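Chemist: Provide a 3D model corresponding to the input given below.
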Amino acid sequence: MHVLDRTAKIVEPASPCKYPQPHRCRMNVSRVYRLLKLITLLRSGRQLDADTLAAELKVSRRTFFRDLKLLERAGIPYHFDHGRNTYALADTFFLPPLHLSFEESLAILLVSRKFLSRQVHPMYQQAVDAALKIESTLPAPVLEHCGSWLSNLSLHWPATSSVDAVSNLFNTVQRALADCHSIRVRYDSVYDGKEIDVLLDPLRLIFMARGWYLLAKSHQHGEVRTFKMDRVISMTATDKVFEPDETFSERRYFGKAWQMIPEGRLYDVKLRFIPEVAASVEEVHWHETQNTQRLEDDSLLFEAQVDGLKEITPWIMGYGDQVEVLSPRELRDRIRHKAERMAQRAQALDSEETA
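Modeler: Numbering: from 1, shown residues only. Below is the predicted model of the structure:
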C-alpha cells in the first residue's frame with residue numbers, strides 16, 4: 001500500500017477565491033488532459049516546484065494547487081520534498097491496466113479509426129495516438145478479431161468546413177469554457193454586415209450543419225448568439241470570470257428551427273413526396289416534430305412544425321420536382337420565386353450561347 005505523505009502541505013494564496021464554486025464549471029476534456037499531463041510531469045523525475053509545474057500546465061498557482069487536491073482525493077500518491085520545494089509522484093505508482101472486452105476494444109478502435117474524421121475534429125491525431133497506445137496493450141487474438149471487423153467498415157463524411165482553419169482556436173475556447181473566463185473576439189458578422197469586436201461568455205462549442213459553432217452570451221448584444229468558428233478573425237482570452245448559466249439549454253435555444261436558426265414564427269409545413277423518394281425521406285429523422293404518412297398512391301405526406309422558412313427552403317428544393325408544397329402558402333411562394341429566378345438565369349445563359 002502506498003501512503004500519501006501527509007506532511008506535504010498544499011499552501012494556497014491567503015486571499016479567498018472571488019468565485020469559490022469551481023464545481024459549477026463542469027470538468028471537461030481540457031481539464032482531464034491537464035490532470036493527465038500533471039501526472040506525467042510528476043512521474044518525469046525532474047525537479048519541479050509549484051511555479052514550474054503551473055507554468056508547464058499553463059495555469060495559475062491557485063489552479064495548480066486545486067489540481068493537486070483532485071489527485072489527493074483520487075488516491076494518487078505524490079510527495080513534497082521540503083528541502084528542494086519540489087513535487088513528485090511515488091516511484092511505484094502507475095495507472096492501473098485496462099481490461100477491455102472485445103466489444104469495448106472494437107468500439108474504441110472503431111471511433112478512432114473510422115468515425116473520428118480529420119476533417120471534423122482538430123484533435124483527430126491526438127485521438128489516433130491515444131487509440132494506438134491502447135491498441136498496443138490488447139491481446140493478439142482480440143486485436144486480430146478487431147482488425148477483421150474494421151476492415152469491412154467504411155464511413156464517408158458529408159462536405160464540411162475545414163477544421164484546420166479553426167484548430168488554433170479550440171484550446172482557447174475550451175479553456176475559457178472550463179475556467180468560466182470571457183473571451184474577446186474579432187468576428188466577420190454576416191448578420192451585421194461588417195467585422196465586429198465582441199466580448200463573449202462561451203456556453204457551448206458544437207458541431208452541426210457541417211461546421212463548428214460557438215454559442216455564447218454577447219456583452220455587446222445582451223443575449224446569447226451563435227458564432228461560426230470559421231468567421232472568427234482573432235480570439236483572445238481574458239481574466240474576466242463570468243457566472244455560468246446552468247439553466248441554458250441548447251434544445252430551448254434552437255427551438256423548432258429546421259436546423260439552427262429560429263426566426264420567431266412557427267409554420268405548419270405539409271409536403272407530399274412522390275413514391276420514388278418516399279422511402280428515403282421516411283427513413284430519416286429530419287426534425288423533432290415530423291410526422292409521416294403513406295398515402296394510397298404510395299406517396300408520402302410529410303408534416304412538421306418549423307420555426308422559420310429560410311433553412312427548410314433549400315432542403316425542399318433539393319428534391320426538385322419530386323416534392324409538392326401543400327402548405328403554407330408563404331413557403332410555396334418562396335420556392336416558386338426561387339425556381340423562376342433559376343429558370344430566368346438558365347434562359348439568359350442559353351441566349352448568350354446562341355447569340
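Chemist: could you pull out the helices in the protein for me?
Modeler: Counting by DSSP state H, residue ranges of the helices within the chain are 29-43, 50-57, 61-73, 102-110, 124-136, 140-150, 167-179, 250-254, 275-282, 312-317, 329-354.
Chemist: of those, which stretch is the most buried?
Modeler: helix 167-179 (a mean of 19; mean count of other CB atoms under 10 Å). C-beta here means a position set from N, CA and C on the backbone, and glycine is covered the same way.
Chemist: now distance to K217 and mean pLDDT too, for the helices of the chain, in JSON lines please.
Modeler: Formatted as JSON lines, those follow (distance: least, CB to CB, whole Å; pLDDT from 0 to 100):
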{"stretch": "helix 29-43", "distance to K217": "20", "mean pLDDT": "79"}
{"stretch": "helix 50-57", "distance to K217": "28", "mean pLDDT": "90"}
{"stretch": "helix 61-73", "distance to K217": "23", "mean pLDDT": "88"}
{"stretch": "helix 102-110", "distance to K217": "36", "mean pLDDT": "77"}
{"stretch": "helix 124-136", "distance to K217": "30", "mean pLDDT": "71"}
{"stretch": "helix 140-150", "distance to K217": "42", "mean pLDDT": "74"}
{"stretch": "helix 167-179", "distance to K217": "12", "mean pLDDT": "88"}
{"stretch": "helix 250-254", "distance to K217": "11", "mean pLDDT": "93"}
{"stretch": "helix 275-282", "distance to K217": "37", "mean pLDDT": "97"}
{"stretch": "helix 312-317", "distance to K217": "28", "mean pLDDT": "96"}
{"stretch": "helix 329-354", "distance to K217": "32", "mean pLDDT": "93"}
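Chemist: how about those helices in TSV, adding distance to D239?
Modeler: TSV is the format used below for the helices of the chain (distance: least, CB to CB, whole Å):
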stretch	distance to D239
helix 29-43	17
helix 50-57	15
helix 61-73	12
helix 102-110	38
helix 124-136	28
helix 140-150	46
helix 167-179	10
helix 250-254	27
helix 275-282	51
helix 312-317	43
helix 329-354	48
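Chemist: quick one: closest of those to I233.
Modeler: helix 167-179 (10.4 Å; CB to CB).
Chemist: just the angle between that closest one and helix 61-73, please?
Modeler: 70 degrees (axes from the mean of the first three to the mean of the last three CA atoms, to 10 degrees).
Chemist: so how far is helix 167-179 off the chain centroid?
Modeler: Here the centre of helix 167-179 is set off from its chain's centre by 11 Å, with CA atoms, centre = their mean, to the nearest Å.
Chemist: cool, and stretch 319-329?
Modeler: Using CA atoms, centre = their mean, the offset of stretch 319-329 from its chain centre is 34 Å.
Chemist: check the separation of the first and last residues in it.
Modeler: End-to-end distance for stretch 319-329: 18 Å, by CA to CA, to the nearest Å.
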